[in-house]
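Novice: predicted model and sequence follow; I will ask about them next.
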Amino acid sequence: MYEVIAFYTFSILTIIMFGIVVTSKNALYSMSALAGGMIFIAGFFFMLDAEFLGVVQIIVYTGAIMALYAFGMMFFDTTREVKEKVHAKKLVYTLAVLSAICIVLILSAPIFSTKIEALYPVMEGVGNIQMIGLILFTKYLVPFELAAIMLLVAMISGILLVSDRMDLDLTLKKDDDDEREII
């Protein structure tokens, strides 16, 4: 009984948070609601006895959103209105509907399939976290390391791009100050 109440509570709160993300005009409100939605999604993992995934959801995704929040506060002028110009609205809506249908079909396929087998058998005495570690560091070790290298390269690239922009901004500001002194 408690699981049903928790499921519907987390479902409603997650939908509300992601609705705020989509409908909010302020980027900072949107990012705050996104972090809240990710925390509510972690609640689903805890209900399914996947504690490791719940903690990873909170630490990784919510932490990444907080980093995005910090960058948003630093680099975006949230008071400025953003106006998008979409020339082919029918094409955008058609692609969105087709994408939604494809996602629903892909996600509902395992429900209607009768030939679903587990990747690894359940081993006695091995918990959820130990099994994830066993699979992650045996079968998926190389993709795990490649993902870590890609994240490192992305982080270094982001720092370099921001530092180039800051150098350009400082140069422009210095030129403006020099012009003021001349006048």
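Specialist: Received, thanks. Source: prediction; values computed, not measured.

Novice: from now on I want contacts and neighbour counts done on CA atoms only, so please keep to that.
Specialist: Will do.

Novice: residue contacts, the residue lying closest to residue 33 once chain neighbours are set aside?
Specialist: By the measure of CA to CA, 6 or more residues apart in numbering, the closest residue to residue 33 outside its immediate chain neighbours is residue 17, 5.1 Å from it. When contacts are counted by CA atoms under 8 Å, 6 or more residues apart in numbering, residue 17 touches 33, 34, 36, 37.

Novice: what ranges do the helices span in this structure?
Specialist: Counting by DSSP state H, the chain has helices at residues 2-23, 27-47, 51-56, 63-75, 89-112, 128-136, 141-182.

Novice: now those in JSON lines, please, with extra columns for mean pLDDT.
Specialist: Output for the helices of the chain, formatted as JSON lines (pLDDT from 0 to 100):
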{"stretch": "helix 2-23", "mean pLDDT": "87"}
{"stretch": "helix 27-47", "mean pLDDT": "85"}
{"stretch": "helix 51-56", "mean pLDDT": "83"}
{"stretch": "helix 63-75", "mean pLDDT": "73"}
{"stretch": "helix 89-112", "mean pLDDT": "76"}
{"stretch": "helix 128-136", "mean pLDDT": "77"}
{"stretch": "helix 141-182", "mean pLDDT": "70"}
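
Novice: just name the most buried of those.
Specialist: For the helices of the chain, the largest average neighbour count (mean count of other CA atoms under 10 Å) is found in helix 27-47, namely a mean of 20.

Novice: for that helix, which helices and strands make contact with it?
Specialist: Contact analysis of helix 27-47 by 3 or more CA pairs under 8 Å, 6 or more residues apart in numbering; DSSP states H and E lists helix 2-23, helix 51-56, helix 63-75 as its packing neighbours.

Novice: other residues contacting that helix?
Specialist: 3, 7, 10, 13-15, 17-18, 20-22, 24, 51, 53-55, 57-58, 61-62, 65-66, 68-69, 72-73, 78.

Novice: centroid residue for this structure?
Specialist: The centroid of the chain falls nearest to residue 61 when counting by CA atoms, centre = their mean (5.6 Å).

Novice: domains in this protein, by residue range?
Specialist: 1-83, 127-183 (automatic domain parsing).

Novice: give me the distance from the first one to the chain's centre.
Specialist: Taking CA atoms, centre = their mean, to the nearest Å, one finds domain 1-83 lying 9 Å from the centre of the chain it belongs to.

Novice: now swap in stretch 136-145 and tell me
Specialist: 22 Å.
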